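# let me see the structure of the following:
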Amino acid sequence: MVTMTPSGRRRFLAKLGGAGAMLATGSWLDAIGYAQGVRGAARALIQQPRVRADVDRRVLGAFLEHLGRAVYTGVYQPGSPLADSSGFRSDVVREVKEAGVPIVRYPGGNFVSGYNWLDGVGPKQQRPTVLERAWNSIETNQFGTNEFIDWCRMVGTEPLLGMNFGTGSAEMAVAYVEYCNYDRGTKWSDLRRSHGFEKPHTVRYWCLGNEMDGPWQIGQMQAREYGRKARDAARQMRVIDGNVQLIACGSSGTNMPQYLIWDREVLEECYDQVDGLSLHAYYGNTPTLTRNSTARYLAMNLDMDRQIREIAAVCDYVQGLRRSSKRLWLSFDEWNVWYRARSGDAVDGRRQFAPKLLEEVYNLEDALLVGGFVNTLLRNADRVRIGCIAQLVNVIAPLVTNDTGVLRQSTWFPYTWALRYARGRVLDLRVESETYPITAAGLQADFARNDQVPFVDVVAMLDGQAGQACLLMLNRDLDSERELVLEWRDITPTRVLACETLTGPDLKAFNTFEEPRRVAPQRLEPPAAGARMTFKLPARSYTVAQLATTT
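Numbers count the residues shown, from 1 in each chain. Predicted coordinates:
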C-alpha cells in the first residue's frame, strides 16, 4: 500500500484537470465567491441571474445512531412521563417536528458495521439483547427499523438507512431493501407484513456501509474490495427497487492515509451503480488543529469547503475515466464539532445500557462555527445533496434530554435558522471582505496551510415563489463589529421580516438546564429594506435575516 502526504494528495489533484489544479494552488477561495477587500466594510453584489443551485432540503438533515443516549432516553424512553404510548419522547418529537428536519440517517455510524437489522424487527419480546461492539454497550433492540420509520413519520422527516458492510453480507443488505421497499409476495416483504406493516416503507436513500476505510471500523476493507462489494450489492438492490438512491463510502476524513486515493479506487469499481459518495469530518479547537486559536477555529468551515471540492474533483475524474454521463452528488452525512468527548469513558460504554457517550457541551464559539458549516453546505448545494449534522439528540448533539425535559444547546440556533429560512435557490455572490491570516506552523498536516480568511462569510437565498430572501452572515472578527454592504440587482427587498443574531461577550458560555438561555438569539436592528442595505454585524456573531422581496 502506498500512502501519500497531504502535499502529495494535492499534487494528485493537480493532475485531475482544471478543478484539481485550482485547488492545489490555493486559489479555491475565489471559486466560492470571495476576494480580498480593502479595509472597511465587506461588500456583496446580489443578482437574481447569478445562481449557484436550487437547494435540496436534505442538505440540512441530521443523524441518529445507536450510540450512548441518542436513541434510548433520547428519542425513545418507554415509561417516561414525557413519552407517548409508543415510547417516543414527545418533547423531542415536538422540537424536531417544529424545526422541520428533512432527513435523518440511521442506525449508524460505527454501530451499523456490526448490526443485524433482523434483531430489531418483529415482536419486541423476541428481540435479542446483544453486546454492541463498536461502542462496547448493551443493545436491547427495542428500537429498530420499524420504530424508526414510525418516528420519522411522526416528526415529518425522511429516513436515510445505513447498511452493514462490515460483518454483513451483500445478501442481507439486499434483503433489507426487500424488507423495506417490496410490496408483497416474497420472503422479506411478507416478513415485514407479518410484523404489522402492510405497505412498504419506500425508503429511497441508502448508505452502503459506514467509514469502511477506518481501522476502528468493524470489518474494515480495502478500497477495491469494498468497491466491488458495493457494486454487486447495488446492482441487486436496483432489481428490487429501481428508485433507490445509493451512497458509497468515501474517505472517513482528510487525515486518512489514503484520503482521495480511497475515493478514486472505490469509484473506479462501482461508479456505474451508485448515485452519491459520502464525506465525513469533525472539527475542534485543539492544539493540533488550531493551536487553540478561536480565529483559526472559526475558519474551519473553509476546510469543509475545500474537502467538498477535493472529493468532487475525484468524482469528476472517475466520471471522465468511465466516459459516463452521470455526475455523482455528495452526501456529507457526518459533520459537527467534536473534540472534548473523544477518549476514555466518553467513548467506552463499559457494557452498560444507554451509557453517556460523546456528550459534548457546546458553547458560543462552537455555535458560530456550526453557522459557518451551514453556510458552506448551502453554497455547495450544486454538489452536496445530503448533509447530516452528527448527531441529533444527546450524542454530539444540539438537543440534550434529562428526565424532566429537553435542552437546546447553542448549536441548535444556527442549524434551525437555516431549516426555517433557507429555502429556494442559493445565489452566486461575489463578496469582498477584509481578511486575516492563518498559518500552517504547528498544525496537523491536513489542516495546516498559510491562507487569508475573510472576516465576513455570507450566504444569500432567494425563494421566488414565496417572494422572500434569506441572508446567513458570520462575522469572524472577535473584537469588532463588521459592516456588510449589500447591493441588490434585479431583486428589491421591500421589508425585513426577521433579523436575529447569536453573539455574546463570552465565547465559552454554554446553556444548561438551570440556565437554558445563556446562549440564545437576540433581535438585531436591521437596516431599512432597499436596493442598498448595510448590516452591522456584531463582533463574534452569526446572524440571520429574512426579507420580503419583489423581482
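# quick one: residue 326 and residue 164, what's the gap?
Distance, residue 326 to residue 164, using C-beta to C-beta, to the nearest Å: 26 Å. Placement of C-beta: from N, CA and C, glycine included.
# one more: residue 174?
Using C-beta to C-beta, residue 174 is found at 12 Å from residue 164.
# and residue 326 and residue 164? Which one has more around it.
More crowded of residue 326 and residue 164, by other C-beta atoms under 10 Å: residue 164, with 23 against 11.
# contact partners for the more buried one?
Contacts for residue 164 (C-beta atoms under 8 Å, 6 or more residues apart in numbering) come out as 112-117, 172-173, 209.
# buried ones among the residues you listed?
112-115, 117, 172-173, 209 (16 or more other C-beta atoms under 10 Å).
# which ones among the residues you listed are found in strands?
Per DSSP state E, strands hold no members of the buried ones among the contacts of residue 164.
# helices - which of these land there?
Within the buried ones among the contacts of residue 164, residues falling in helices by DSSP state H are 172-173.
# of all the buried ones among the contacts of residue 164, which comes closest to residue 317?
Nearest to residue 317 out of the buried ones among the contacts of residue 164 is residue 209 (C-beta to C-beta; 22.3 Å).
# any chance you could map the strands in the stretch 351-500 of the chain?
All strands of the stretch 351-500 of the chain, identified by DSSP state E, counting those that start in this stretch, fall at 384-389, 399-401, 406-408, 425-427, 430-433, 435-438, 451-454, 456-463, 468-475, 482-489, 492-502.
# quick one: closest of these to residue 266.
Nearest to residue 266 among these is strand 384-389 (17.7 Å), distances taken as C-beta to C-beta.
# quick check: neighbours of that closest one in the sheet, parallel or antiparallel?
Next to strand 384-389 in the sheet, as set by DSSP bridges, lie strand 61-63 (parallel), strand 329-337 (parallel).
# which other residues reach that strand?
With contacts defined as C-beta under 8 Å, 6+ apart, strand 384-389 is touched by 56, 58-63, 103-105, 160, 205, 247, 276, 308, 329-336, 370, 377, 398, 411, 415.
# what mean pLDDT does it get?
Across strand 384-389, the average pLDDT comes to 98.
# send me it as CSV with only the CA atoms.
Taking C-alpha atoms only, strand 384-389 is exported to CSV below (Å, rounded to 0.1, in the frame of the first residue of the first chain):
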residue,chain,number,x,y,z
VAL,A,384,-23.9,18.4,-1.9
ARG,A,385,-27.4,16.9,-1.9
ILE,A,386,-27.5,15.4,1.6
GLY,A,387,-25.9,16.7,4.8
CYS,A,388,-26.3,15.3,8.3
ILE,A,389,-25.3,17.1,11.5
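# just to revisit the earlier point, turn the buried ones among the contacts of residue 164 into JSON lines, including pLDDT and distance to residue 44.
Below are these laid out as JSON lines (pLDDT from 0 to 100; distance: C-beta to C-beta, whole Å):
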{"residue": "112", "pLDDT": "98", "distance to residue 44": "42"}
{"residue": "113", "pLDDT": "98", "distance to residue 44": "44"}
{"residue": "114", "pLDDT": "98", "distance to residue 44": "48"}
{"residue": "115", "pLDDT": "98", "distance to residue 44": "46"}
{"residue": "117", "pLDDT": "98", "distance to residue 44": "48"}
{"residue": "172", "pLDDT": "98", "distance to residue 44": "51"}
{"residue": "173", "pLDDT": "98", "distance to residue 44": "46"}
{"residue": "209", "pLDDT": "98", "distance to residue 44": "41"}
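# if we only consider the buried ones among the contacts of residue 164, which is nearest to residue 500?
The closest of those to residue 500 turns out to be residue 112 (C-beta to C-beta; 37.1 Å).
# relative to residue 241, how far out is that closest one?
Applying C-beta to C-beta, the value for residue 112 to residue 241 is 20 Å.
# help me confirm that residue 314 is found in a strand?
No. Assigned with DSSP: H, G, I helix; E, B strand; the rest coil, residue 314 falls outside any strand and is helix.
# that one against residue 263, yeah?
Yes. Applying C-beta atoms under 8 Å, one finds residue 314 in contact with residue 263, separated by 4.7 Å.
# dump the residue contacts of the nearest residue to residue 130 once chain neighbours are set aside.
Distances taken as C-beta to C-beta, 6 or more residues apart in numbering put residue 139 closest to residue 130, at 5.2 Å, once the chain neighbours are dropped. By C-beta under 8 Å, 6+ apart, the contact list for residue 139 reads 66, 119, 129-132.
# next: residue 124.
By C-beta under 8 Å, 6+ apart, residue 124 lies in contact with residue 142.
# for residue 406, name its beta-bridge partners.
Listed beta-bridge partners, residue 406: residue 401 (assigned using DSSP bridges).
# and it, how many neighbours?
For residue 406, the neighbour count with other C-beta under 10 Å is 22.
# make sure it is actually in contact with residue 91.
Yes. Using C-beta under 8 Å, residue 406 makes contact with residue 91 at a distance of 4.5 Å.
# got the phi and psi for the closest residue to residue 336 other than its chain neighbours?
In this structure, residue 336 finds its nearest non-sequential neighbour in residue 390, 4.9 Å apart by C-beta to C-beta, 6+ apart. Phi and psi for residue 390, reported as degrees, to the nearest 10, are phi -110, psi 110.
# what comes up buried for stretch 314-321?
314-319.
# quick one: distance of that stretch to the chain centre.
24 Å (C-alpha atoms, centre = their mean, to the nearest Å).
# what do you get for stretch 121-128?
For stretch 121-128, the distance to the chain centre is 32 Å (C-alpha atoms, centre = their mean).
# give me the buried entries from the contacts of residue 139.
Buried members of the contacts of residue 139, counted by 16+ other C-beta under 10 Å: 66, 119, 132.
# got the residues you listed as TSV, with pLDDT columns?
Shown next, in TSV, are the buried ones among the contacts of residue 139 (pLDDT from 0 to 100):
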residue	pLDDT
66	98
119	98
132	97
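# all the helices of this structure, in order from the start?
6-14, 18-25, 28-31, 90-99, 145-155, 170-181, 187-194, 223-240, 261-270, 294-297, 300-322, 364-379, 412-421.
# which one of the ones you listed lies closest to residue 446?
Across those, closest to residue 446 is helix 6-14 (C-beta to C-beta), at 5.2 Å.
# need the mean per-residue confidence for the closest one.
Across helix 6-14, the average pLDDT comes to 54.
# which residue lies farthest from the center of this protein?
Here the chain reaches farthest from its C-alpha mean at residue 185, the gap being 37.4 Å by C-alpha atoms, centre = their mean.
# give me the distance between that residue and residue 316.
Taking C-beta to C-beta, one finds residue 185 at 42 Å from residue 316.
# quick revisit: and the residue nearest to residue 336, what does it touch?
Counting by C-beta under 8 Å, 6+ apart, residue 390 touches 62-63, 65, 109, 282, 333-336, 338, 396.
# show the buried residues in those residues.
Buried members of the contacts of residue 390, counted by 16+ other C-beta under 10 Å: 62-63, 65, 109, 333-336, 338, 396.
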